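# Give the three-dimensional model of this entry:
(2 chains)
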Protein chains: 2
Amino acid sequence: MAVVGVMRIFVFFLTFYISLYCANSAATDIELDAKAQFTHRIDSLNLLLYTFLLILTVLTIWLFKHRRFRFLHETGLAVIYGLIVGALIRYAGSKTPVLHMSVTPEKDSKYNLSLPPDTLWLRFPNRGSNPPLPNKTYAYAFREEIVDIEDNEMDLKATFDPEIFFNIILPPIIFHAGYSLKRKYFFRNLGAILTYALIGTTISSFVVGALMYGFIHQMPNLKGSFTFLDTLYFGALISSTDPLTILAIFNDLHVDVNLYALVFGESVLNDAVAIVLSGSIQNYGERYQSGTGGFETQAFFRALGDFFGIFTLSLLIGALMGCITAILTKFTHVRDFPLLESALFVLMSYSTFLIAEASELTGVVAVLFCGICQAHYTYNNLSADSRSRTKKLFELLNFLAENFIFSYIGVSMFTFPKHHFDPGFIFAGFFCAMLGRAVNIYPLSFLLNLGRKPKIPLNFQHMLFFAGLRGAMSFALAIRNTVSDARQAMLTTTSLIVIVTVIVQGGATMQLLTWFKIPVGVEEEVEMLPYAGVRSVYSSMGTTDVEMAEPSRESGGGSRLNDKAWLARIWADFDVKYMKPFLTHARPTLLETLPVCCNPIARILTTTEQMTQDNRSRSQLDSDSDLCIEENELSYGDQRRTSVQRVRTP
Amino acid sequence: MAVVGVMRIFVFFLTFYISLYCANSAATDIELDAKAQFTHRIDSLNLLLYTFLLILTVLTIWLFKHRRFRFLHETGLAVIYGLIVGALIRYAGSKTPVLHMSVTPEKDSKYNLSLPPDTLWLRFPNRGSNPPLPNKTYAYAFREEIVDIEDNEMDLKATFDPEIFFNIILPPIIFHAGYSLKRKYFFRNLGAILTYALIGTTISSFVVGALMYGFIHQMPNLKGSFTFLDTLYFGALISSTDPLTILAIFNDLHVDVNLYALVFGESVLNDAVAIVLSGSIQNYGERYQSGTGGFETQAFFRALGDFFGIFTLSLLIGALMGCITAILTKFTHVRDFPLLESALFVLMSYSTFLIAEASELTGVVAVLFCGICQAHYTYNNLSADSRSRTKKLFELLNFLAENFIFSYIGVSMFTFPKHHFDPGFIFAGFFCAMLGRAVNIYPLSFLLNLGRKPKIPLNFQHMLFFAGLRGAMSFALAIRNTVSDARQAMLTTTSLIVIVTVIVQGGATMQLLTWFKIPVGVEEEVEMLPYAGVRSVYSSMGTTDVEMAEPSRESGGGSRLNDKAWLARIWADFDVKYMKPFLTHARPTLLETLPVCCNPIARILTTTEQMTQDNRSRSQLDSDSDLCIEENELSYGDQRRTSVQRVRTP
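Residues are numbered from 1 along each chain as shown, chains lettered A, B, ... in the order given. Okay, the predicted model is just below:
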């Protein structure tokens, strides 16, 4: 009841600010000195709008959780509120009279490039003053190409530079995915996850790209404006999935952990694949723009090399920066000052993103693997204060960033000036997105089941298909470049696909779980019991009794470490023997694992803590349960439940 | 040793990226489609530069703390590193060839305002293609006025829009100051703090403004470009202090808590005063720009009214939003979901800032009082998880934001293109800043001592004078508007004053403490013992035994609650009887404190928790020691010391 009252206050506030907004933007006689102040007010209003939307979302979602409504996730709600507010701004607000002037290059201009200049200098006659002062020169920065001159009256209301998604919004989301990854289950299903994410996403991109191209050739109004590269770019961006809603429900209902790992792992990695793939396509396009636009076999393989090169290098930079952070926190005593330590952790993680971006690699991929390494190595070296601080910080940032981007998707549907609604393209987009997901999951599951002992049952496959919601990554890729008509049509279609999948597929999850007879309420430890000996490659290698691959009954479709997992075993062995002793305070130390000849180096790389710690603290440090950040601990939820689970965890 | 090695790696990284930076910006034949990507890389490099600077600062400051060097605070270090890197970029890097074109308005243009337009549309002939395509139109957004056409070749390297300081960097710093304020000592010295901050800062602004105007009239080269309002604006922005360095040392050395409260309280409030004052001056200037520039008495009082109006309204908005958050957290059960609760807390606090800014009030003032209210009321209602999360979050944000702004001051000294070095103005600026601080502290201390029982001794006054370091607020105000020559000279002088005071005065603090014979190592509880009965207005009112104003010996110049504190007592009474029962779960409830006729309302406003809680939990909730966020707990430091202190706290 109190909430409803408070919400009314917010609605009042909101309408007040929307009206203020419109009134503000109608102000005309501003002096140059006041221009900066005015811009600041508009910026504040833009931010305020989204802050209010997020507050509304938080309060409503609390009400839903309180009443145990599960059909709408906070991101779905953020989209819906965004749509409502976007429509209000669009139709209630007056059009903003932006003061603009048309200019043409001077005849005797020395500027003779075919590209538009970065800045324009306007020699502006000082008409207002008396006596006449000398002319003033004003600088203007390049912003965009104007395609439709008639329809460009609307100001960029409630919109932001698309680059904020890549510099501010996406890094914490992706890092948090890596940092909170349940590595235990992720590694157990690594084969399937990599197959879906790497091969599946690529197949999906090409199928969607080819089909869209075919569709467009049937539509005379679009035929000219799309190249095959354009549709392929669309295929890549629409192939990344973002099943937030479904994962939240899986978590609430304790759906089988292996299904959870498959859905989560695939969505984390296919974001990475989609962004690298779309980047390769764009590079390819730039490189061959002057050519015929044809698709040569040789050039195709070069783009493929591009793709693998960028992916691998980004992965390496991420892992390297994670390891450097681990070394810094191991060999310095910065943990005596938890605030400095947390700051170092955050700065190193963000710089990973920036290094990759600045090196023309992909920051998202780098930050993802950085997050995994930070959780696997650095987390061990941190003080208790920094552990909880970094966990809680990234959890909160992730929550805010996710809901911001989904509100933005809703609002921008109405306020972003570069939308291009084309019913044919939208229909084709929906159809192809669905088909693309199907050709990812079903054929690959069939192939995987040929070699997999515990097969992926058909109901899991259906669930994986329906978990193909589109989200933040697709939208961010689509809005990044809206110069051409084709790109604008893609943005509109992508926004619509995101909105519809998040609301419809997200809302139908409970129903689907029932239809597909997916077992719910599977308590983790019940499922885990048969795995007791093989709980994880890491923990079993950590303790010396290697009783892996113990044949055991399985409750629901999980995979098992069979003899095929040799690669994982080699890595785990290397990790426990060399990486962990080097990067953390774990035992055995390098003095024990390296050959005798390397003793001097090993001594330098072994800390006193490592030498002197007793077995008790060692087991505590070494245990994967401590390393692995528990999903439930990280996600918000009923506190009681969390504490019960914590008690259950050995 | 390891740190030195790691630092070498960073220096390598840094030089690598500086070179990459220059190489990048020299690229010429970029296609329009790739322009967005290129901009993104430059943005990433800019951010990366500061991220590296902060990492370097963190590592070096750890080394200093580890070796117990106290003469350099992290902000001083950030400035020094910033200066070095700024110089490297300026002199090592090649000048960036920005593609620019000069244009003039068309003769038959319909645009006839005296202001430059917001956007330019360039009709660009499509020379490159064959056969010729139709002309394209590109939009250009207004950026700045170009004063010196010759010297504008340099790109805006490593610089950001000044608005980020007001929207991103300052809010967390100021909020954290309010949230972590030791309200106990703050309220005990409220009279002196308000006198210094409100009256002192105003006096200082006018003295500096008048003196600077006098100086400038002696300098023929500057005479024409400065109005009295310009120098007054400079007076206001240079009157805000930022004694971070000194407070950190006070905290480390356990300097007398009352001196700490005076320095901290004054610096928090004079930031607020300076920003409102400078805003009023600017408004006054805009309102009377068309006039003679003279300073009428009537108009002066109108500006004074402006000042008090904006200050009071901002304060009220801040307090109101704090109270709304308290109500939301009290009457909803959002604390069952700590992540939602923390998100709500952060969003409400940020929206306070934005509401104030959008309403043409001052966000910094609003967010400061919002922080105080959040700590005083909302903090009580939060779950344990949210308490620690919000504390740690704002502590980290404050640390990063502070060090970012000080690095930026260093870097921008060399890279910001709008600097105007004028030795006369700089010298006058230094002299006036010093004098302004003196006319704030000494005369007002004399007046205060007339009415104060425990007088502020002369050595405390000297320390207050030397604690007048200039910092983030002065810089942010100076860089906000650099359109005119006068403003550019102010920016340069302000940057130099900030750099010199932070490094020199900050570095000399230890020496000064010895010279002025300020007692150090005063343990809080030793000092507090005589206060046992009057520990704080709040706690003593909360417990029913009101034994206030007990005469007691004082260890060092602190003020005491004497009969003058009637205002504080009335407020404390009101707070305990009505505000706390309404906004928190504290006892006595409104049912007990409101008259009987208001019972129905009181019942609605009293939660079940309030009614049913036993005395044990009540005292825990009510205690001010729980409410008051301990300074030592918030600041990083030797963990052992903190835990010892926690044990000591009753």
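# Pop the domain breakdown of chain A in here.
A:2-92, A:163-515, A:536-648 (automatic domain parsing).
# For those, give me a markdown table that also has distance to B:Asn481, mean neighbour count and mean pLDDT.
Every residue, glycine included, has its C-beta placed from N, CA and C. Below are the domains of chain A laid out as a markdown table (distance: least, C-beta to C-beta, whole Å; neighbours: other C-beta atoms under 10 Å in any protein chain shown; pLDDT from 0 to 100):
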| stretch | distance to B:Asn481 | mean neighbour count | mean pLDDT |
| --- | --- | --- | --- |
| domain A:2-92 | 5 | 18 | 73 |
| domain A:163-515 | 24 | 21 | 88 |
| domain A:536-648 | 43 | 16 | 57 |
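# Let me have these in CSV, adding distance to B:Gly178 as columns.
Formatted as CSV, the domains of chain A follow (distance: least, C-beta to C-beta, whole Å):
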stretch, distance to B:Gly178
domain A:2-92, 18
domain A:163-515, 19
domain A:536-648, 26
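# Mind telling me which residue of the stretch 401-550 of chain A is nearest chain B?
Nearest residue of the stretch 401-550 of chain A to chain B: A:Asn481, at 5.5 Å (C-beta to the nearest C-beta).
# which secondary structure element contains the residue nearest the centre of chain A?
In chain A, the residue lying closest to the centroid (C-alpha atoms, centre = their mean) is A:Ile174, at 4.4 Å. Taking DSSP states H and E as the definition, one finds A:Ile174 inside helix A:170-179.
# quick check, that helix touching chain B?
No. Helix A:170-179 lies apart from chain B when judged by C-beta under 8 Å from any C-beta of the partner chain; the minimum separation is 10.4 Å.
# thinking again about what came up before, indicate which one of the domains of chain A is closest to B:Leu347.
domain A:2-92 (4.9 Å; C-beta to C-beta).
# before we move on, the earlier item: mind checking what helix or strand follows the helix holding A:Ile174 in sequence?
Downstream of helix A:170-179, the first helix or strand assigned by DSSP H and E is helix A:183-188.
# Would you agree A:Gly224 falls within a strand?
No. Per DSSP: H, G, I helix; E, B strand; the rest coil, A:Gly224 lies outside any strand segment and is coil.
# what about it, distance to A:Ser484?
11 Å (C-beta to C-beta, to the nearest Å).
# now do A:Val596
Distance, A:Val596 to A:Ser484, by C-beta to C-beta: 65 Å.
# Same question for A:Phe307.
Distance from A:Phe307 to A:Ser484, by C-beta to C-beta: 23 Å.
# cool, A:Glu163 as well?
A:Glu163 is 18 Å from A:Ser484, by C-beta to C-beta.
# Over to A:Leu347?
From A:Leu347 over to A:Ser484 (counting by C-beta to C-beta), the distance is 38 Å.
# got it, and A:Lys418?
A:Lys418 is 10 Å from A:Ser484, by C-beta to C-beta.
# now swap in A:Val500 and tell me
Taken as C-beta to C-beta, the span from A:Val500 to A:Ser484 is 24 Å.
# So which bits of the stretch 301-450 of chain A are right by chain B?
Counting by C-beta under 8 Å from any C-beta, the stretch 301-450 of chain A comes close to chain B at A:324, A:327-328, A:331-334, A:336-340, A:342-344, A:346-348, A:350-351, A:354-355, A:357-360, A:363, A:383, A:385, A:388-389, A:392-393, A:395-396, A:399-400.
# Which members of these are positioned in helices?
Mapping those onto helices (DSSP state H) picks out A:324, A:327-328, A:331, A:338-340, A:342-344, A:346-348, A:350-351, A:354-355, A:357-358, A:363, A:385, A:388-389, A:392-393, A:395-396, A:399-400.
# Can you name the element that comes right after the helix or strand containing A:Phe142?
According to DSSP H and E, A:Phe142 maps onto strand A:136-146. As assigned by DSSP H and E, the chain's next helix or strand after strand A:136-146 is helix A:163-164.
# when you scan that next one, is anything in it near chain B?
Yes. Against chain B, helix A:163-164 shows contacts by C-beta under 8 Å from any C-beta at A:Glu163.
# Surely A:His585 is in contact with A:Thr606?
No. Look at A:His585 against A:Thr606 with C-beta atoms under 8 Å: they stay out of range, at 9.3 Å.
# Quickly note the distance from A:Leu253 to B:Leu259.
58 Å.
# ditto for A:Val346
For A:Val346 relative to B:Leu259 (C-beta to C-beta), the value is 33 Å.
# ok, now A:Ser280?
Counting by C-beta to C-beta, the gap from A:Ser280 to B:Leu259 is 62 Å.
# Also A:Thr390?
Distance, A:Thr390 to B:Leu259, by C-beta to C-beta: 35 Å.
# now do A:Cys597
61 Å.
# what distance separates the start and the end of stretch A:194-205?
16 Å (C-alpha to C-alpha, to the nearest Å).
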